[in-house]
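> Provided below are the primary sequence and the corresponding predicted coordinates.
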Amino acid sequence: MVSEAYKQRIAGLREQIEAALSCSVAGRLWPVSLQSAVEYSLLAGGKRLRPVLVLLANEVCGGHMGAALPAACAIEMIHTYSLIHDDLPAMDNDDYRRGRLTNHKVYGEASAILAGDALLTLAFEMLSQAELSAGIRAELMRILAVAAGGGGMVGGQVLDLEAERGGGLSLASQGSGLASDKSGTAGVAANGAKNGCGVAEVADSGQWPEPAAGMAAGLTIPGNSEIAGVVSSRKVTASVEDLNRIHRMKTGALIAASLEMGAVTAGAGCEQRAELVRYGHCIGLAFQIADDVLDITGDAAKLGKTPGRDVDLGKLTYPALLGLESSRERAKELVREACGALKCFGEERRWLEELAGFIVERDH
Ligand code: IPE
Ligand code: IPE
Ligand code: MG
Ligand code: MG
Ligand code: MG
């Protein structure tokens with residue numbers, strides 16, 4: 001259970017984020033219908049996890065919130081765009097999001113695609129205009145571009161779709177080393193590759209959380225008869241490594257980038273930055289495991305989206321591969337690992353510790 005103090009702290013941060021997001025889209029010289037479609041999804045609530053992480057990372061590194069707010073807004077814009085596109089008929093074909101009809105259900109598919117495009121580009125506009133040094137602005141844009149792109153979120157979404165109903169993954173990719181990436185850091189490793197802060201070395205040394213012994217490679221997913229069709233409609237073979245790679249790319253990359261961007265806005269040193277990225281990858285994977293679990297156990301009203309869709313779509317998920325209990329255990333283990341990465345920080349780390357706990361306890 002998270003503490004009252006935590007709830008109040010997060011509520012305060014969320015207020016600041018909501019105000020900054022409203023401000024950032026207000027009064028744009030955009031077609032009215034585009035403005036409306038963008039505001040419909042961006043200002044629809046949501047947990048605001050990623051911008052909260054930007055602000056907390058900035059704080060734990062001794063920064064000022066004002067310096068981090070543009071990055072907080074930018075990452076939420078990218079996340080919201082990813083949700084609008086994720087819900088499209090060509091992707092997960094969902095009807096509800098954040099407690100309301102999905103963007104395309106209200107505005108049509110073409111407008112929803114374009115609203116996502118507008119949010120994607122607005123994120124970079126925000127960063128380009130932030131009152132920070134040119135070097136920090138460029139670094140923030142690089143981190144966000146890498147995490148959101150083909151080696152991160154977008155690439156992860158591609159693999160997620162390819163893995164539906166037992167499809168094979170096109171993992172072999174020149175340059176990214178996906179096929180041979182034993183540590184499962186594909187895509188995210190590149191995020192640290194050029195930052196001169198050694199984040200890539202952390203990735204390459206295989207320190208990312210891996211499944212407990214016995215859960216790794218070559219696992220055969222039991223078919224319906226074996227898991228009673230409750231957690232999976234798949235009858236295929238995939239490994240936990242494959243799944244970790246998908247989850248780390250489609251979800252973990254943006255979450256880790258939130259932490260790294262927060263650190264950069266505070267002018268953090270290499271060690272702090274690398275440890276926050278490590279924390280980010282652990283909670284990022286835990287977050288998507290919890291999302292997979294909630295798709296089975298969650299309540300539509302609390303989730304604000306329709307549960308059961310992963311089974312309908314034959315998605316490769318943690319419960320499909322390992323069952324509900326092992327999935328929950330794995331998520332908790334990752335939270336412990338995440339908190340272990342915070343040791344180099346002072347007292348303010350407690351918010352990040354509680355947030356990690358919230359990720360696996362949440363019901364929405
Ligand atoms: C949903 O993200 C998509 C995933 C990466 C699992 P969130 O659960 O953070 O969605 P909101 O922002 O709270 O609506
Ligand atoms: C979405 O994963 C990940 C991204 C949007 C990048 P899911 O497809 O599992 O998210 P939900 O369950 O629709 O929120
Ligand atoms: Mg999806
Ligand atoms: Mg989805
Ligand atoms: Mg999901």
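Looks like it came in fine. Ligands and ions are numbered 1, 2, ... in the order given.

> roughly how far apart are residue 53 and ligand 3?
Using C-beta to the ion, to the nearest Å, one obtains 21 Å as the distance from residue 53 to ligand 3. Just so you know, the C-beta spots here come from the backbone N, C-alpha and C atoms, and that holds for glycine as well.

> what is the neighbour count of that residue?
Per other C-beta atoms under 10 Å, the neighbour tally for residue 53 reads 30.

> now swap in residue 166 and tell me
Neighbours around residue 166, by other C-beta under 10 Å: 15.

> wait, it sits on residue 313?
No: contact criterion C-beta atoms under 8 Å: residue 166 and residue 313 do not qualify, at 11.6 Å.

> next, count neighbours for whatever residue of the stretch 201-350 of the chain ends up closest to ligand 4.
Minimum separation of the stretch 201-350 of the chain from ligand 4 (C-beta to the ion) falls at residue 309, amounting to 6.6 Å. If you count neighbours by other C-beta under 10 Å, residue 309 ends up with 16.

> where does the residue of the stretch 1-150 of the chain found nearest ligand 4 sit: helix, strand or coil?
Of all residues in the stretch 1-150 of the chain, the one sitting closest to ligand 4 is residue 92 (3.5 Å; C-beta to the ion). Secondary structure assignment for residue 92 (DSSP: H, G, I helix; E, B strand; the rest coil): coil.

> quick check, central residue of this structure?
The chain has residue 251 as the residue nearest its centroid, 3.2 Å off, counting by C-alpha atoms, centre = their mean.

> go ahead and confirm that residue touches residue 287.
Yes: here residue 251 reaches residue 287: they are 6.1 Å apart, a contact under C-beta under 8 Å.

> what is the mean pLDDT for the helix or strand where residue 351 lies?
If you go by DSSP states H and E, residue 351 is part of helix 349-361. Averaged over helix 349-361, pLDDT sits at 97.

> and if you look at stretch 77-93?
Rounded mean pLDDT across stretch 77-93 is 98.

> show me where the stretch 51-200 of the chain dips below the pLDDT cut-off.
The stretch 51-200 of the chain contains residues with pLDDT under 70 at 171-200.

> just give the closest residue to residue 287, not the sequence neighbours.
residue 359 (5.1 Å; C-beta to C-beta, 6 or more residues apart in numbering).

> surely the one you found is in contact with residue 283?
Yes: assessed by C-beta under 8 Å, residue 359 is found in contact with residue 283 at 5.5 Å.

> now the helices for the stretch 251-364 of the chain?
253-265, 270-297, 300-303, 309-313, 318-322, 324-340, 349-361 (DSSP state H, counting those that start in this stretch).

> hey, which of the ones you listed is tucked in deepest?
helix 253-265 (a mean of 30; mean count of other C-beta atoms under 10 Å).

> right, is that helix up against ligand 1?
No: using C-beta under 6 Å from any ligand atom, we find that helix 253-265 stays clear of ligand 1, coming within 7.7 Å at best.

> which helices and strands sit right next to that helix?
Helix 253-265 sits against helix 49-60, helix 65-86, helix 134-148, helix 153-162, helix 188-193, helix 270-297, with contacts defined as 3 or more C-beta pairs under 8 Å, 6 or more residues apart in numbering; DSSP states H and E.

> if you average pLDDT over it, what comes out?
pLDDT averaged over helix 253-265 gives 98.

> in the stretch 151-300 of the chain, what residue comes closest to ligand 1?
At 3.7 Å from ligand 1, residue 291 is the closest residue in the stretch 151-300 of the chain, using C-beta to the nearest ligand atom.

> with adjacent residues omitted, what lies nearest to that residue?
Residue 291 sits nearest to residue 251 (C-beta to C-beta, 6+ apart), 7.5 Å away.

> can you pull the contacts of that neighbour?
The contact partners of residue 251, by C-beta atoms under 8 Å, 6 or more residues apart in numbering, come to 153, 156, 284, 285, 287, 288, 291.

> interface residues of the chain facing ligand 4?
86, 92 (C-beta under 5 Å from the ion).

> now the residue lying closest to residue 293 once chain neighbours are set aside: how far from residue 333?
Using C-beta to C-beta, 6+ apart and skipping the chain neighbours, the partner closest in space to residue 293 is residue 327 (5.4 Å). Separation of residue 327 from residue 333 (C-beta to C-beta, to the nearest Å): 11 Å.

> what does residue 156 give?
In terms of C-beta to C-beta, residue 156 sits 21 Å off from residue 333.

> spell out which parts of the stretch 201-350 of the chain neighbour ligand 1.
Residues of the stretch 201-350 of the chain lying near ligand 1 (C-beta under 6 Å from any ligand atom): 251, 288, 291.

> surely residue 339 and residue 353 touch.
Yes: assessed by C-beta under 8 Å, residue 339 is found in contact with residue 353 at 5.1 Å.

> need the contact list for residue 48.
13, 14, 17, 18, 76.

> near ligand 1 at all, stretch 96-114?
Yes: counting by C-beta under 6 Å from any ligand atom, ligand 1 is contacted by stretch 96-114 at residue 98.
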